[in-house]
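J.: Pasting a predicted model and its sequence here:
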Protein chains: 2
Amino acid sequence: MTDHQVIFMPSGKRGRFATGTPVLQAARSLGVDLDSVCGGRGICSRCQVQPGRGAFPKLGVTIADDALSEFNAVERRYDEKRGLKPGRRLGCQAQVQGDVVIDVPPESQVHRQVVRKEAGGAPIVMDPATRLHMVTVEAPDMDAPSGDLERVKAALAAQWDLHDLRMSPALLRRLQPVLRKGDWQVTVAVNHDEGRIVDLFPGLRTAPLLGLAIDLGSTTIAAHLCDLSTGEVRASGGVMNPQIRFGEDLMSRVSYAMMNPDGDVEMTRAVRETIDALAVDLAGQAGIPPGDVVEAVVVCNPVMHHLLLGIDPVELGQSPFALATSDAMRLAAAEIGLTSVAPGARAYLLPCIAGHVGADAAAVALSEAPDRQDELTLIVDVGTNAEILLGNRERILACSSPTGPAFEGAQISAGQRAAPGAIERVEIDPVTKEPRIRVVGCEYWSDDPRFGPATAETGITGICGSGIIEAVAEMRMAGILDASGLIGSADQVGTPRCESMGRTHAYLLWDGSRDEGERRVLVTQGDIRAIQLAKSALYAGARLLMDEAGVDTVARVRLAGAFGAHISPRHAMVLGMFPDTPLDAVTSAGNAAGHGARMALCNRSARGHVEDLVRRVEKVETAIAPRFQEHFVAANAIPHATAPFPHLPALPDVSFNTASEGRARQRRRR
Amino acid sequence: MTDHQVIFMPSGKRGRFATGTPVLQAARSLGVDLDSVCGGRGICSRCQVQPGRGAFPKLGVTIADDALSEFNAVERRYDEKRGLKPGRRLGCQAQVQGDVVIDVPPESQVHRQVVRKEAGGAPIVMDPATRLHMVTVEAPDMDAPSGDLERVKAALAAQWDLHDLRMSPALLRRLQPVLRKGDWQVTVAVNHDEGRIVDLFPGLRTAPLLGLAIDLGSTTIAAHLCDLSTGEVRASGGVMNPQIRFGEDLMSRVSYAMMNPDGDVEMTRAVRETIDALAVDLAGQAGIPPGDVVEAVVVCNPVMHHLLLGIDPVELGQSPFALATSDAMRLAAAEIGLTSVAPGARAYLLPCIAGHVGADAAAVALSEAPDRQDELTLIVDVGTNAEILLGNRERILACSSPTGPAFEGAQISAGQRAAPGAIERVEIDPVTKEPRIRVVGCEYWSDDPRFGPATAETGITGICGSGIIEAVAEMRMAGILDASGLIGSADQVGTPRCESMGRTHAYLLWDGSRDEGERRVLVTQGDIRAIQLAKSALYAGARLLMDEAGVDTVARVRLAGAFGAHISPRHAMVLGMFPDTPLDAVTSAGNAAGHGARMALCNRSARGHVEDLVRRVEKVETAIAPRFQEHFVAANAIPHATAPFPHLPALPDVSFNTASEGRARQRRRR
């Protein structure tokens, strides 16, 4: 028998095949990425290919008109019922008859790329853990009375080379009706990461399966509902973490668990019910039954991780911050309270790096993949604690730094969450010392005539994390603040906005008292001190990792999280939040934790990657490092004084260290 | 360094060991069966040994006084606190210093034998799936912040060579408090059959773990609570299957599931609640917390198997009787409703042989082990369906035969369950045709003067399965019944006890009408017909297997189940319930299914044995075998006429085939 040259594009994989070999079979034997659910029965249409025509001189192939077998009855029937694009063939029906170049269009590839819409981060290459496989199962036979499940497994082994699959007893209930409804044809959803059957559908099912990428934060719970074939986000949503009623920050929740018998059980129940309701809500938005959700990936900090799993987080509240378990977890979705999804659905929890550096930091590391870069990258995820990663191909270091919640607007006199009405951007004229602001929910600056009417409804209610950082940095640049962090008096600075407040001064950022229902927003000396403490901690953490790595500079700084998306790199650097770096090398990583969750959901090798990466991470504990304290103290100035800032303009050389403030300090020390 | 001959008894295993080798270490390296929970720390006392003294000429060893190191401080402390028997040493403390013979007493062996108290069946050799292993776990370290679980696993790998253990998230909740309570020493219960951590105890735990062997019958649920170290039954109990309210027999329960939406869910809930309550009850009887129960083994018929697992049994009610799953199952105990036991407890369900031949039959096969015998054995387990096994080392055949519930007293005019007041034994004088009876709950025959007073309380309420079999056989032997199964008239038989009843006759077995509150117990022609149908089905099933095996006789007949324990082999053979066999070769197997459950509970290799055995069983389906019908019809006579009965005395050659009965039969056929 003659054989023919078959070349698949875009992979370029080629081989010689005998006359009559189906294209799908040729593709499989070469390891070409060509999808199929029905396994070659000509009914799922996933294996569509586009054969070339004419001469391909570069490939050294000229394609004859009869290089593939004629359009057959199966293809005609499919074309009539569903429509095939011109020139397309079903790979399982078209047989090789001559040399041919075959293009696999993106929608026929399992491992298609999903381009990320947000800035930065790696694109996701689809390789979902859960895939559909149709099989024809032997009907039961009284003379060979094996169970229906055993015959389904035998069919998966024979027809898809899938062996030793497990299945939850919860799914057994569905098995017999599904097999009979499908007349012994069944499409099996297999989770290849776990080697498990997770769902069963009568006959052929090509409708996509869905998965949830859940970013379980202390304050908000965000989730994306993703199509597991295309990676498309079908619905997104976020809700408040219901545990807020037990404590705003993590440590107060740990205290709640310590003080109240079964307090942790209550918190576990609350968060589980909420993520299940969120799953139902997103499915509703996407117009699919929640039962089509077969997988969930969860990223979260260690306290949320333990509370989700039903583990009392008390050990995470005290040294040595021991995790009950740190490895990645694969469980039934129902075991974390996702009971409205498919009964066989699974959940994957990313590994935790340390007691203060959670699965969310692992997700950031997965998304940013410093371990796959030559350049040394510093990755900062700022929340109540800052989680800091430093590394490249050779080494990855991680620590958590106790910044406190000042960067989130807490502990700030006029601070609030980033909600409509909150000041989020600030500019201060260095000559007049007059500010202009922007608030969440309004696109105009306050010196634009459209600003007043646009903000009339919410009013100016306070200042959020990014706003206070910009305010402090602008005050420093405008000479309202000196390097030690002192606010000057009205006389010293030359503006009545610097008001006296006891022995210190405060800067009037927004005088809403003129309009009814608004407030005066002052940046007080206490606010400056809170930001100084937070930024010193952040800087000291980064610096500690750099010491460990033996470096003085980093090539890139990536700011992760919602905070990273809103912070202005220039202002952050004026504050000295991280080591001096060229400004264009400081970028937002967007919602890197959420993106990491989506990667682990859509690509199963990403799970191996993050597990391996976390095992490689060298954890540096700030609480016990003497150098952390040194860096922390040295970083108090604005900007910190431990290194030059060649990438920033010179800042005003002012000093407001008056006797009164000095005395006040001495008094505090006593 | 010198080395010494060390011989362990009773195994006879021997080897040479250097001076200073601990006896426990020597035993382990030789694979000697010497227990240890603490892993050689001198605290669990499980490795006690008895060194020999003086000359052992047969072994070629003379033991010097200093063959072992001196009694050390650890042993002294243990002796003072708990007491060591004279001459005993702790194997982990005593070190080899010279040639020595060391006896491992039975209580220091893991694999000790449990002698079965009931008649027959194999003894159980202890090799429990779940065993205790104490480890010292590294304390958490901020610089190497792995989770507590990961450090427990590392300790089990390093100290016990146990790798890749899984653990249910339900147990994670306990982990951290247990580790801290035990100051980083923890005893881990490992299920070696599954490679799973199933429980955790602070410090050293030597108190035994317990397991449940559950025999889940259609009518009653029986369970044994067993000590997993010694095999001792700590408590036993039985309760009615609560599903009886949904249907007395299995097929009426299948109908209930078909007719009522969620009928199967109700039945599942009922049986799960009952086994959990039974577990709590047995633990209470034994004076242990239910949380000490770490394992359960369940044997049951296929319908109960499916209902326990939450699978609608509808397919088991109709040809081809397809099981949803037939393989053995390993699940969380909570998945079958055992929620009061240890949170990590596991359940093992034996495999089902076919849609009519369940895990109970598999347990009988495990207990009887025909596959390990040269002689061909016929094993009969009579319930509503008879499950029949025939086999030896070479082949095992199995079938189920639709005997109906007549053998259980159902479908019999005065039939009832074997409860106090039920006639269970019958003798009829062949000359006077007068009967004497015994009833359940009374040890005297009815012609004993102590009988009346003893039964006065319950009265004579009816006749149970074993009673009706004896009655029919005795009627045949006394010439009251002819070979075709007809009861003669008073004139024909010569006793007024043969009463007219329409066109047929009935034999008055007990005339309770003379005493208040009692009843007349008659054996009617209909009763005889019901027994004839049942015994023909039983015989035909056994005969079908013999045809398949190509044999005319079997070496042994074993009668399993409660029925087997009460049936009289001679009477059963007069009826022709099974092929002719020497009477002394027909024996009761006792509660073989329950014994099989205990074997699978106490010996983990028994699980491999039964799974392998069930895979080897050749299933013969009676419903579709034409020869079954032939045998069934031919087996109608008493005894059946298809083979001679050399092992029975000749039976009266009577015939009562009157015209009236002939006409009645003809009428019925129309």
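T.: Arrived safely, thanks for sending.

J.: Pull out the buried residues from stretch A:17-24.
T.: A:17, A:21, A:22, A:23, A:24 (16 or more other Cβ atoms under 10 Å in any protein chain shown). From N, CA and C alone the C-beta is placed, and that goes for glycine too.

J.: isn't the fourth one right up against residue A:101?
T.: It refers to residue A:23. No - with contact defined as Cβ atoms under 8 Å, residue A:23 does not reach residue A:101; the gap is 11.5 Å.

J.: Make TSV from the buried residues of stretch A:17-24 and add secondary structure to it.
T.: Listed next are the buried residues of stretch A:17-24 as TSV, based on DSSP: H, G, I helix; E, B strand; the rest coil:
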residue	secondary structure
A:17	strand
A:21	coil
A:22	strand
A:23	helix
A:24	helix
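
J.: quick one: which of the residues you listed is nearest to chain B?
T.: residue A:24 (31.9 Å; Cβ to the nearest Cβ).

J.: tell me which element the residue most central in space within chain A is part of?
T.: When Cα atoms, centre = their mean is applied to chain A, the residue found nearest the centroid is residue A:594 (1.7 Å). For residue A:594, the host element (DSSP states H and E) is helix A:592-602.

J.: ok, now how distant is the closest residue to residue A:508 other than its chain neighbours from residue A:532?
T.: Leaving out its chain neighbours, the residue that sits closest to residue A:508 by Cβ to Cβ, 6 or more residues apart in numbering or on different chains is residue A:497, at 4.4 Å. To residue A:532, residue A:497 is 21 Å away according to Cβ to Cβ, to the nearest Å.

J.: likewise residue A:314?
T.: Residue A:314 is 32 Å from residue A:532, where distance means Cβ to Cβ.

J.: Repeat that for residue A:154.
T.: 68 Å.

J.: And residue A:34, by the same measure?
T.: As judged by Cβ to Cβ, residue A:34 and residue A:532 stand 59 Å apart.

J.: rewinding a little: with neighbour numbers in mind, choose between residue A:154 and residue A:532.
T.: residue A:532 (21 against 14; other Cβ atoms under 10 Å in any protein chain shown).

J.: thinking that one is in contact with residue A:484, fair?
T.: No - the pair residue A:532 / residue A:484 is not scored as a contact, 9.1 Å apart, by Cβ under 8 Å.

J.: quick one on the thing from earlier: how big is the angle separating the following helix or strand past the helix holding residue A:594 from helix A:592-602?
T.: Using DSSP H and E, the helix or strand that follows helix A:592-602 in sequence is helix A:604-616. For helix A:604-616 against helix A:592-602, the angle by axes from the mean of the first three to the mean of the last three Cα atoms, to 10 degrees is 130 degrees.

J.: ok, back up a step: using PDB, write out every CA atom in the helix holding residue A:594.
T.: The C-alpha trace of helix A:592-602 is given here as PDB (Å, rounded to 0.1, in the frame of the first residue of the first chain):
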ATOM      1  CA  ALA A 592      -2.900  38.500  39.400                       C
ATOM      2  CA  ALA A 593      -4.300  36.200  42.000                       C
ATOM      3  CA  GLY A 594      -7.600  36.000  40.100                       C
ATOM      4  CA  HIS A 595      -5.700  35.400  36.900                       C
ATOM      5  CA  GLY A 596      -3.700  32.700  38.600                       C
ATOM      6  CA  ALA A 597      -6.900  31.000  39.700                       C
ATOM      7  CA  ARG A 598      -8.200  31.100  36.000                       C
ATOM      8  CA  MET A 599      -4.900  29.700  34.800                       C
ATOM      9  CA  ALA A 600      -5.200  26.800  37.300                       C
ATOM     10  CA  LEU A 601      -8.800  26.300  36.200                       C
ATOM     11  CA  CYS A 602      -8.100  26.300  32.400                       C
END
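
J.: Model confidence score at the residue in the stretch 551-670 of chain A positioned nearest to chain B, please.
T.: Using Cβ to the nearest Cβ, the single residue of the stretch 551-670 of chain A nearest to chain B is residue A:621, 3.9 Å away. Confidence at residue A:621, expressed as pLDDT, is 84.

J.: how would you label the nearest residue to it once chain neighbours are set aside: helix, strand or coil?
T.: Nearest residue to residue A:621, sequence neighbours excluded (Cβ to Cβ, 6+ apart): residue B:142, at 3.9 Å. Look at residue B:142: counting by three-state DSSP, its state is coil.

J.: pLDDT value on residue B:142, please?
T.: For residue B:142, the model assigns a pLDDT of 82.

J.: Name all residues that make contact with it.
T.: A:319, A:320, A:321, A:354, A:355, A:619, A:621, A:623, A:624 (Cβ atoms under 8 Å, 6 or more residues apart in numbering or on different chains).

J.: Quick one: classify the second one as helix, strand or coil.
T.: Secondary structure for residue A:320, judged by three-state DSSP, is coil.

J.: residue contacts, it?
T.: Residue A:320 makes contacts with A:355, B:139, B:140, B:141, B:142, B:145, as judged by Cβ under 8 Å, 6+ apart.

J.: among the residues you listed, who's most crowded?
T.: When neighbours are counted by other Cβ under 10 Å, residue A:355 leads those with 27 neighbours.

J.: Can you tell me the closest non-neighbouring residue to that residue?
T.: Excluding the flanking residues, the one nearest residue A:355 by Cβ to Cβ, 6+ apart is residue A:321, at 2.8 Å.

J.: you'd agree the one you found is up against residue A:306?
T.: No - in this structure residue A:321 lies outside contact range of residue A:306 using Cβ under 8 Å: 11.4 Å.

J.: Of those two, which one has the most company?
T.: Legend: neighbour count by other Cβ under 10 Å for residue A:321 and residue A:306, higher for residue A:306 (30 against 19).

J.: Checking that one next. Helix, strand or coil?
T.: Three-state call for residue A:306 (three-state DSSP): helix.

J.: show me what contacts it?
T.: A:312, A:313, A:316, A:323, A:324.

J.: cool, and residue A:497?
T.: Counted by Cβ under 8 Å, 6+ apart, residue A:497 has contacts A:433, A:434, A:435, A:490, A:507, A:508, A:509.

J.: just the buried members of these?
T.: For the contacts of residue A:497, buried by 16+ other Cβ under 10 Å: A:433, A:435, A:507, A:508, A:509.

J.: Just send the residues you listed back as TSV, with secondary structure and pLDDT too.
T.: Listed next are those as TSV, based on DSSP: H, G, I helix; E, B strand; the rest coil; pLDDT from 0 to 100:
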residue	secondary structure	pLDDT
A:433	coil	96
A:435	strand	96
A:507	strand	97
A:508	strand	95
A:509	strand	95
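
J.: Which one of those is nearest to residue A:539?
T.: residue A:507 (23.2 Å; Cβ to Cβ).

J.: So residue A:43, which state does it fall into?
T.: Under three-state DSSP, residue A:43 comes out as coil.

J.: Roughly how far does it sit from residue A:36?
T.: Separation of residue A:43 from residue A:36 (Cβ to Cβ) stands at 10 Å.

J.: Give me the more crowded residue out of the two.
T.: With neighbours defined as other Cβ under 10 Å, residue A:43 and residue A:36 compare such that residue A:36 has more, 23 against 20.

J.: Okay, and that one sits in which element?
T.: Judged by DSSP H and E, residue A:36 forms part of no helix or strand.

J.: list the contacts for the residue in the stretch 401-550 of chain A that chain B sits nearest to?
T.: Here the stretch 401-550 of chain A gets closest to chain B at one residue, residue A:548, 11.2 Å apart by Cβ to the nearest Cβ. Residue A:548 sits next to A:390, A:397, A:618, A:620 when contact means Cβ under 8 Å, 6+ apart.

J.: and if you look at residue A:144?
T.: Residue A:144 neighbours (Cβ under 8 Å, 6+ apart): residue B:619.

J.: redo that, cut-off 10 Å
T.: A:138, A:151, B:354, B:618, B:619, B:621 (Cβ atoms under 10 Å, 6 or more residues apart in numbering or on different chains).

J.: tell me the mean pLDDT over the helix or strand hosting the second one?
T.: Using DSSP H and E, residue A:151 sits within helix A:148-160. Mean pLDDT, helix A:148-160: 96.
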